[in-house]
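Q: The following block contains a protein sequence and its predicted model.
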Amino acid sequence: GVETSSDPTDETVETEIEFYGGSFICNETGEVVRETNLPEDICEDDYVQHTFDLDVISKKRASWGLFRDRRPDLYKSLLSLDGK
């Protein structure tokens with residue numbers, strides 16, 4: 001892309017910046033579902049989008065049991081300076 005900026009001498013300076021790499025979207029497990037990683041795949045007006053079913057994702061996350069063994073009743077001692 002071309003970036004236009006003004007320098008202290010009030011002259012407009014154009015600089016050319018070339019970007020490498022691309023973008024990706026991954027699902028709740030980290031699997032890449034959409035990506036653009038070649039410069040010719042991307043132009044200034046392009047974007048990548050993907051639709052996720054949030055209800056399905058919520059059910060999957062609940063099945064992981066991540067918070068199943070939480071003991072919030074024990075957290076108060078962690079907030080004290082003496083551990084009591």
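A: Received it, and whenever you're ready, just let me know what you need.
Q: Under the pLDDT cut-off, which ranges of this structure? List them.
A: The model of the chain has pLDDT under 70 over residues 1-10, 19-21, 37-46.
Q: and the residue nearest the centre of it, helix, strand or coil?
A: By Cα atoms, centre = their mean, the mean C-alpha position of the chain lies nearest to residue 25, the distance being 8.2 Å. With DSSP: H, G, I helix; E, B strand; the rest coil as the basis, residue 25 sits in strand.
Q: Distance check, it against residue 31.
A: Residue 25 is 10 Å from residue 31, where distance means Cβ to Cβ, to the nearest Å. In this view, the C-beta of every residue, glycine as well, is placed from N, C-alpha and C.
Q: To what extent is residue 11 buried, counted in neighbours?
A: 7 (other Cβ atoms under 10 Å).
Q: Point me to the helix or strand that includes residue 62.
A: helix 54-63 (DSSP states H and E).
Q: Same question for residue 35.
A: strand 32-36.
Q: What lies in contact with that strand?
A: Strand 32-36 is contacted from outside by 22, 23, 24, 25, 26, 27, 42, 46, 48, 49, 50, using Cβ atoms under 8 Å, 6 or more residues apart in numbering.
Q: Just name the closest of those residues to residue 72, please.
A: Closest approach between these and residue 72, by Cβ to Cβ: residue 27, at 29.3 Å.
Q: Quick one: end-to-end length of stretch 16-31, please.
A: End-to-end distance for stretch 16-31: 34 Å, by Cα to Cα, to the nearest Å.
Q: If you could redo that for stretch 35-50, that was the one I meant.
A: 10 Å.
Q: Residue 15 in helix, strand or coil?
A: Per three-state DSSP, residue 15 ends up strand.
Q: should've said residue 49
A: coil.
Q: Let me see the contact set for it.
A: Per Cβ under 8 Å, 6+ apart, neighbours of residue 49: 25, 34.
Q: separation between it and residue 81?
A: 49 Å.
Q: Ok, residue 70 next?
A: If you go by Cβ to Cβ, the gap between residue 70 and residue 81 works out to 23 Å.
Q: do residue 29 as well
A: In terms of Cβ to Cβ, residue 29 sits 40 Å off from residue 81.
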